[in-house]
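> build the 3D model from these lines:
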Amino acid sequence: MKRKLLILLLHSLISLLAYNPGLSQQHPFFQGLQVGGGPFYGKLLKHRPSQMLFDLPHPVSGFSIEGARQTSGKQFWHEVNGFPRPGWQVVHQNFGNKDILGSSTGFQLFGDFFFLRQKSFSAFFRFGMGLCYVSRSFDSQTNPTNTAIGSHANNMSNLGFYAQYRITPAYLVRFGGGLMHVSNGKFWFPNLGLNTLNLNLGIYREISPPPKTEGFPYPETWYKKPVVNIRVGLGGKEEKVAHGPKYPVYIVGIFISRMFSHKNKAFVGYEFFYDTAIGGFLTNQSLTKADYLPSFRQNVFIGHEFMFGQVALMTQIFYYIDRPATGSSKLGNKLGPKFYLLKPQDHPRFNAFGGIYLKTHGAVADYPELSFGVSF
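Presented below is the predicted three-dimensional model:
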């Protein structure tokens with residue numbers, strides 16, 4: 001019934017826009033806009049089989065509805081990044097075990113980055129991030145077997161490769177596959193996460209071609225002097241006990257950044273943070289006050305930003321310069337979206353920024369972080 005309703009909704013949306021060509025010609029919102037969707041099928045990957053003891057009697061199945069607009073050169077970052085195609089997507093997927101894992105429904109923003117463009121055929125790489133609701137999460141009384149997801153609210157990330165073929169001037173068929181990751185970043189316990197490998201097929205309607213422009217004039221060079229940055233962050237996590245205490249993490253960092261192209265920025269710095277979860281662990285072990293010092297941690301890091309105007313994708317690798325308190329690795333990383341208050345190409349030094357990051361040790365999440373900072 002849900003699938004029939006989806007097909008009817010998708011058909012109605014495409015038909016409405018298809019039979020109103022004047023609408024797309026009169027309003028710039030529809031220029032370069034594509035809408036569509038389709039089903040996908042796949043497999044849930046048990047990346048920790050010894051801890052994921054639930055059965056998977058059915059394959060993963062689901063559908064997506066999306067809209068995306070082809071960039072045309074009106075903004076600085078369009079041509080610099082090879083004219084990507086940003087968009088939004090609504091995704092529903094069944095995880096293959098209705099009683100234990102249930103299903104998820106979510107919304108994400110994505111970017112399509114083309115590595116092949118021809119008149120009728122193109123291929124691209126997609127990266128997306130968003131939020132989703134998982135219908136069945138861990139519960140010690142009613143659902144103790146679900147060791148993968150400990151909350152209804154979760155992050156949803158997507159990485160995939162796709163190809164599309166234009167069957168008519170207005171309609172395209174798209175096929176491809178990718179990896180979908182669902183987890184809460186250890187904000188709730190448990191958090192092994194759900195990884196699904198899927199293949200999909202869809203049909204899309206291009207409402208109106210993107211307007212042809214001469215491109216955005218930008219300088220041949222970029223700001224090449226080092227910039228000092230300070231940021232503060234707040235993280236949170238649960239440790240070992242589902243629906244137990246929520247331990248805050250307080251972070252302060254200082255780093256120096258430098259642009260190496262119009263879209264690439266590198267940085268190096270120092271970070272100091274206080275992890276109350278470590279203090280809780282030491283308290284439970286009945287250790288003395290002298291042993292509480294490892295609750296304060298320090299690391300040095302290097303990182304990179306891939307920039308799209310006032311939005312960037314930040315990745316960071318760090319190394320602890322003090323001894324670990326709980327046996328964790330000395331190496332780790334952070335990644336996530338970063339947002340600038342002012343356009344970096346116009347304000348390369350004096351600016352403010354915020355970010356939503358996930359700190360991990362390898363593939364194991366430590367905590368999500370909300371961060372704010374300034375550069376000067």
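> now do the phi/psi pair for the closest residue to Ser375 other than its chain neighbours.
Of all residues not flanking Ser375 in the chain, Asn229 sits nearest, at 4.5 Å (CB to CB, 6 or more residues apart in numbering). Just so you know, the C-beta spots here come from the backbone N, C-alpha and C atoms, and that holds for glycine as well. With angles defined as degrees, to the nearest 10, Asn229 sits at phi -130, psi 140.
> burial of Asn229, as a residue count?
Residues lying near Asn229 (other CB atoms under 10 Å) number 19.
> how about Gly354?
By other CB under 10 Å, the residues close to Gly354 number 15.
> need the contact partners of whichever strand or helix holds it.
Element membership for Gly354, per DSSP states H and E: strand 351-361. Strand 351-361 is contacted by residues 155, 185, 231, 233, 235, 314, 316, 328-329, 331-342, 344, 365-375 when judged by CB atoms under 8 Å, 6 or more residues apart in numbering.
> quick one, strands of the stretch 51-200 of the chain?
60-69, 85-94, 103-117, 121-134, 153-166, 171-183, 194-206 (DSSP state E, counting those that start in this stretch).
> which of these sits closest to His243?
strand 153-166 (13.6 Å; CB to CB).
> quick one: low-confidence parts of the stretch 251-376 of the chain?
Residue ranges of the stretch 251-376 of the chain with pLDDT under 70: 279-294, 323-328.
> recalculate using a threshold of 80.
The model of the stretch 251-376 of the chain has pLDDT under 80 over residues 278-295, 323-329.
> how many residues are close by the closest residue to Gly87 other than its chain neighbours?
Using CB to CB, 6+ apart and skipping the chain neighbours, the partner closest in space to Gly87 is Ala68 (2.8 Å). Counted by other CB under 10 Å, the residues lying close to Ala68 total 22.
> before we move on, back to that, for the residue nearest to Ser375, what are its contacts?
254-257, 267, 269, 373-376.
> kindly recompute the last result at 6 Å.
Residues in contact with Asn229 (CB atoms under 6 Å, 6 or more residues apart in numbering) are 255, 257, 373, 375.
> also Gly38?
Applying CB under 6 Å, 6+ apart, we find Gly38 in contact with 200-202.
> how about a cut-off of 7 Å?
The contact partners of Gly38, by CB atoms under 7 Å, 6 or more residues apart in numbering, come to 63-64, 200-203.
> count the neighbours of the nearest residue to Thr71 once chain neighbours are set aside for me.
What sits nearest to Thr71 in space, not counting adjacent residues and going by CB to CB, 6+ apart, is His78, at 4.0 Å. His78: 21 surrounding residues under other CB under 10 Å.
> quick one: buried residues of stretch 317-336?
Within stretch 317-336, the residues that count as buried by 16 or more other CB atoms under 10 Å are 318, 320, 325, 332-336.
> thinking again about what came up before, doesn't Arg69 make contact with the residue nearest to Thr71?
No - His78 lies out of contact with Arg69 (CB atoms under 7 Å); the separation is 10.9 Å.
> buried residues in stretch 185-200?
Residues of stretch 185-200 classed as buried by neighbour count (16+ other CB under 10 Å): 185-196, 198, 200.
> returning to what we had before: which of the contacts of strand 351-361 are buried?
With burial judged by 16+ other CB under 10 Å, the buried subset of the contacts of strand 351-361 is 155, 185, 231, 233, 235, 314, 316, 332-336, 338, 340, 344, 365-369, 371, 373, 375.
> can you tell me the centre-most residue of the chain?
Centroid-nearest residue in the chain, with CA atoms, centre = their mean: Met129, separated by 2.9 Å.
> distance-wise, check it relative to Val91.
In this view, Met129 and Val91 are 12 Å apart by CB to CB, to the nearest Å.
> then Ser208?
Going from Ser208 to Val91 by CB to CB gives 25 Å.
> what about the two, which has more around it?
With neighbours defined as other CB under 10 Å, Ser208 and Val91 compare such that Val91 has more, 23 against 19.
> the residue nearest to that one when sequence neighbours are not counted: neighbour count?
Nearest residue to Val91, sequence neighbours excluded (CB to CB, 6+ apart): Ser64, at 4.7 Å. If you count neighbours by other CB under 10 Å, Ser64 ends up with 22.
> please name the bridge partners of Ser64.
Beta-bridge pairing for Ser64 (DSSP bridges): Gly38, Val91.
> contact partners for it?
Ser64 makes contact with 37-38, 40, 89-91 under the criterion CB under 7 Å, 6+ apart.
> ok, which stretches of the stretch 251-376 of the chain are strands?
In the stretch 251-376 of the chain, the strands defined using DSSP E, counting those that start in this stretch lie at 264-275, 296-308, 311-320, 331-340, 351-361, 364-375.
> could the ones you listed go into TSV alongside distance to Asp112?
What follows is the strands of the stretch 251-376 of the chain, written out as TSV (distance: least, CB to CB, whole Å):
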stretch	distance to Asp112
strand 264-275	20
strand 296-308	12
strand 311-320	14
strand 331-340	16
strand 351-361	21
strand 364-375	26
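> so which of the ones you listed is nearest Lys240?
Of all the strands of the stretch 251-376 of the chain, it is strand 364-375 that lies closest to Lys240, at 13.5 Å by CB to CB.
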